[in-house]
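# Just the structure for this:
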Amino acid sequence: MRPGPRNLITDVTGLRVGSAEDAGLKSGVSVVTAEAPFTASVAVMGGAPGTRETDLLAPDKTAPGVDALVLSGGSAFGLAAAQGVMEALHAAGRGFAVLSARVPIVPAAILFDLLNGGTKDWRVNPYPELGRRALSSAGEAFALGSHGAGCGAQTAMHKGGLGSASLVLEDGITVGALVAANPMGSATTPSGRHFWAAPFELGGEFGGLGVDPDQGTALPESRKVSAMAGLGNTTIAVVATDAALDKAQCHRMAVAAHDGIGRAILPAHSPMDGDLVFAAATGVRQLEAPALQLAGIGHAASVCLARAIARAVWEATPAPGDTLPTLREELGRV
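Next up is the predicted model:
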């Protein structure tokens with residue numbers, strides 16, 4: 001397996017990603033969309049999720065496809081980002097046809113970034129407009145780090161961010177991941193100088209720091225708590241493939257992809273995290289050996305997600321009012 005040409009989730013044919021953020025707010029929104037509806041499902045393994053329309057993604061539910069997937073900051077306020085995306089899609093004539101009506105299907109998930117040093121005293125919820133802006137900017141290229149839903153993200157030790165990665169499998173199928181990494185746990189080992197995801201790094205994509213030579217099971221002491229940044233958390237992600245998967249297969253892909261969170265963040269899936277993975281399939285490539293290929297797709301999704309989490313932290317940039325440093329600041333590589 002090798003990364004796709006962009007090493008982004010948009011290496012999956014048909015997908016586009018847009019982000020919008022507010023530097024003063026220290027929060028933002030990221031949207032995954034496509035020219036046509038795509039198959040999607042979801043798996044939730046955190047104890048504190050915040051979601052919209054995820055029930056529709058169960059294999060036995062009616063909606064055949066979605067028009068967009070939304071990742072947002074803002075805790076429950078951020079769920080309103082999907083409303084802005086939905087309204088913009090409706091204005092463009094998109095949506096699930098119900099006789100003469102059209103209803104865009106826009107599932108969403110949020111992370112908690114309300115205590116990260118940003119200005120949160122709004123009178124009008126800013127997230128619908130951020131959602132509209134993110135959708136309007138959607139394209140094949142997008143920025144990582146302190147952008148979109150990762151704008152104000154934090155890990156236990158350092159700033160988090162928005163990350164992405166891709167892989168092209170031996171059979172030609174492409175898999176990618178997009179993540180807003182804001183976990184209770186740490187993406188770096190106790191030394192703070194190496195990533196847990198280091199064994200999966202390709203081409204120095206998150207600094208080439210290598211595997212921590214110190215072995216052990218100790219967890220890093222959280223600066224997020226000591227910095228009075230609270231216990232708000234969550235890692236939310238989208239994994240995607242150009243393979244033709246149905247909703248049940250997408251769900252299996254999402255379940256497998258959660259291994260990537262466990263490989264890149266310790267601890268993961270805590271009671272205070274809302275860890276969630278959407279899975280999307282654009283249906284460009286038919287499966288010839290579904291069971292075997294689906295296993296490979298799920299594995300690739302987990303590896304992409306682990307790499308994307310590390311890239312999110314590595315690409316984070318400092319900003320006024322931050323309550324945690326970036327990893328590059330600490331390593332003197334800003």
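
# can you pull out the strands in this structure?
15-22, 27-44, 51-52, 66-72, 96-98, 101-103, 108-110, 161-168, 174-181, 235-243, 276-285 (DSSP state E).

# Mind telling me which of those the model trusts least?
Here the strands of the chain differ in mean pLDDT, and the lowest is strand 96-98 at a mean of 85.

# hmm, back to that, mind putting the strands of the chain in TSV, mean neighbour count and distance to residue 299 included?
(Each C-beta comes from the backbone N, C-alpha and C, glycine too.) TSV is the format used below for the strands of the chain (neighbours: other CB atoms under 10 Å; distance: least, CB to CB, whole Å):
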stretch	mean neighbour count	distance to residue 299
strand 15-22	24	20
strand 27-44	25	15
strand 51-52	20	26
strand 66-72	29	22
strand 96-98	11	32
strand 101-103	13	35
strand 108-110	30	23
strand 161-168	29	9
strand 174-181	32	9
strand 235-243	32	11
strand 276-285	24	13
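
# pLDDT below threshold where in this structure?
Low-confidence segments of the chain (pLDDT under 70): 225-232, 334.

# quick one, helices of it?
81-91, 127-136, 223-226, 247-264, 290-314, 327-331 (DSSP state H).

# With respect to residue 235, which of those helices lies nearest?
Of all the helices of the chain, it is helix 247-264 that lies closest to residue 235, at 5.6 Å by CB to CB.

# Show me what counts as buried in that closest one.
Neighbour counts using 16 or more other CB atoms under 10 Å place 247, 249-264 of helix 247-264 among the buried residues.

# quick one on the thing from earlier: of all the strands of the chain, which one is nearest residue 140?
strand 15-22 (6.3 Å).

# and the closest one, what other elements does it pack with?
On a contact count with 3 or more CB pairs under 8 Å, 6 or more residues apart in numbering; DSSP states H and E, strand 15-22 meets strand 27-44, helix 127-136.

# Residues contacting the last one, please?
Taking CB atoms under 8 Å, 6 or more residues apart in numbering as the criterion, the residues outside helix 127-136 that touch it are 18-22, 27-31, 33, 68, 70, 72, 74, 77-85, 87-89, 148.

# now with 6 Å?
With contacts defined as CB atoms under 6 Å, 6 or more residues apart in numbering, helix 127-136 is touched by 18-20, 28-29, 31, 74, 77-78, 80-81, 83-85, 88.

# Same question for stretch 273-288.
Counting by CB under 6 Å, 6+ apart, 13-14, 38-46, 48-50, 69, 109, 173, 183-184, 233-245, 250, 253-254, 257-258, 261, 269, 293 sit against stretch 273-288.

# again, but for stretch 302-314
Contacts with stretch 302-314, where a contact means CB under 6 Å, 6+ apart, come from 144, 150, 158, 160-165, 167, 175-177, 179, 181, 187, 195, 197, 200, 205-207, 237, 256-257, 259-260, 263-264, 327.

# neighbouring contacts of stretch 254-261?
Everything outside stretch 254-261 that qualifies as a contact, by CB under 6 Å, 6+ apart, is 41-43, 45, 235, 239, 268, 275, 277, 279, 298, 301-302, 305-306.

# Can you name the two of the contacts of helix 127-136 that sit furthest apart?
Within the contacts of helix 127-136, two members stand farthest from each other by CB to CB: 18 and 77, at 19.7 Å.
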